[in-house]
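S.K.: Give me the fold of what follows.
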Amino acid sequence: MHASRWTPFVVCAGLVGAVLSGCRSREDAFRTSRVPVARLDSVLAAADSVRLPLGEARALLAVVAESGFASKLPHDTMTIAEILVWAGAEHARKQVAEAAAKAAERARQDSVRKLLEPLLAVTVVKKTYLPRNPDAEQYEDYISLGFAYQNKGAKPVRAFQGDATFLDTFGDSIYSAHLKVDLPLVPGQARREPARIVRVNPFRLAHQRLRDTPLDKMKLVWETTDVVFADGSRLSLTAP
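M.R.: Got it, this is the predicted structure:
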């Protein structure tokens, strides 16, 4: 009686084991099959029923997704297992190369930043709030900002750009903007430009704080990001 009660469970367990064994045998056969690398995409499409671990499936898809992947593989024909090993090594190599490239770019930017930092002095000399005035056909609120620039370097400057950040008394950011300045400056020269206009968005906190904070309660922090010199040479944080 006990044997008859357990018989269905034993049969089911045997069937599950057989299915899992069959799946493993298909996976093993797939991994060891040697395929032309130029036809790898069609081989994968024909093997939809093979269940691979997620990491291996992603690795194979990444190989196929690369342009000209067949020319990068070391042999014309390879087993899937060999391709997976190669894909893992290639992924690791790319990570190392990307990390090295990022480190080199950070070092380059740090070097350029040290050259850019002393070249220009930027100050804000006037701030005016211009409320809307329908009678003068001005239907929005504006903030007028007057900037002055000085070339503190040894070369004439044709144009430059950078980031201006206004800080409050506690050093918290009030407002920031990227400025492009097309204003030639010879060494030592200081010039002012016509006021820059900020259209006030009443729902934007930065605009409210810029409008309401007196100029003598703000500090301007300037970072030059790009300088074009009169001789055509250039220093840039973004362009190599």
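S.K.: Just list the residues touching the most centrally placed residue in the chain, thanks.
M.R.: In the chain, the residue lying closest to the centroid (Cα atoms, centre = their mean) is residue 102, at 11.4 Å. Under the criterion of Cβ atoms under 8 Å, 6 or more residues apart in numbering, residue 102 has no neighbours. The way it works is simple: take the backbone N, C-alpha and C, and place the C-beta from them, glycine included.
S.K.: could we number from 57 for the rest of this?
M.R.: With 57 as the first residue, the last one maps to residue 158.
S.K.: Enumerate the positions of the longest helix seen in the chain that are buried.
M.R.: Longest helix in the chain by number of residues (criterion: DSSP state H): helix 136-172. Within helix 136-172, the residues that count as buried by 16 or more other Cβ atoms under 10 Å are 136, 138-140, 142-143, 146, 168, 172.
S.K.: Next: stretch 111-119.
M.R.: For stretch 111-119, a neighbour-count test (16+ other Cβ under 10 Å) marks 112, 115-116, 119 as buried.
S.K.: Likewise for stretch 124-139?
M.R.: Quick answer for stretch 124-139 (16+ other Cβ under 10 Å): 125, 129, 134, 136, 138-139.
S.K.: that older thread, which among the buried residues of helix 136-172 gets closest to residue 101?
M.R.: Of all these, residue 101 sits closest to residue 136, with 13.6 Å by Cβ to Cβ.
S.K.: For the closest one, list the residues it contacts.
M.R.: 86-89, 91, 116.
S.K.: Inside helices: which ones of those?
M.R.: Per DSSP H, those map to helices at 86-88, 116.
S.K.: For ChimeraX, write the select line for the buried members of the residues you listed.
M.R.: Selection of buried members from the ones in helices among the contacts of residue 136 for ChimeraX, criterion 16+ other Cβ under 10 Å:
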select :86,87,116
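S.K.: Most widely separated two among the ones in helices among the contacts of residue 136?
M.R.: Farthest-apart pair in those is 88 and 116; separation 14.6 Å (Cβ to Cβ).
S.K.: before we move on, the earlier item: averaged pLDDT, the longest helix of the chain. What do you get?
M.R.: Averaged over helix 136-172, pLDDT sits at 90.
S.K.: Next secondary structure after it?
M.R.: With elements assigned by DSSP states H and E, the helix or strand that comes after helix 136-172 is strand 176-186.
S.K.: quick one, the next helix or strand after that next one and strand 176-186 angle?
M.R.: Following strand 176-186 in sequence order, the next helix or strand is strand 198-207 (DSSP H and E). Angle, strand 198-207 to strand 176-186, by axes from the mean of the first three to the mean of the last three Cα atoms, to 10 degrees: 160 degrees.
S.K.: Now the element after strand 198-207, going C-ward?
M.R.: Using DSSP H and E, the helix or strand that directly follows strand 198-207 along the chain is strand 213-223.
S.K.: As PDB, could you dump the C-alpha coordinates of the next helix or strand after that next one?
M.R.: For strand 213-223, the following helix or strand on the C-terminal side (DSSP H and E) is strand 229-237. The C-alpha coordinates for strand 229-237 follow below in PDB (Å, rounded to 0.1, in the frame of the first residue of the first chain):
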ATOM      1  CA  SER A 229      24.400  77.500  -5.300                       C
ATOM      2  CA  ILE A 230      21.800  80.100  -6.200                       C
ATOM      3  CA  TYR A 231      22.000  80.000 -10.000                       C
ATOM      4  CA  SER A 232      24.400  78.700 -12.600                       C
ATOM      5  CA  ALA A 233      24.700  79.200 -16.400                       C
ATOM      6  CA  HIS A 234      27.200  78.400 -19.200                       C
ATOM      7  CA  LEU A 235      28.400  81.600 -20.900                       C
ATOM      8  CA  LYS A 236      29.900  81.900 -24.300                       C
ATOM      9  CA  VAL A 237      31.900  85.200 -24.700                       C
END
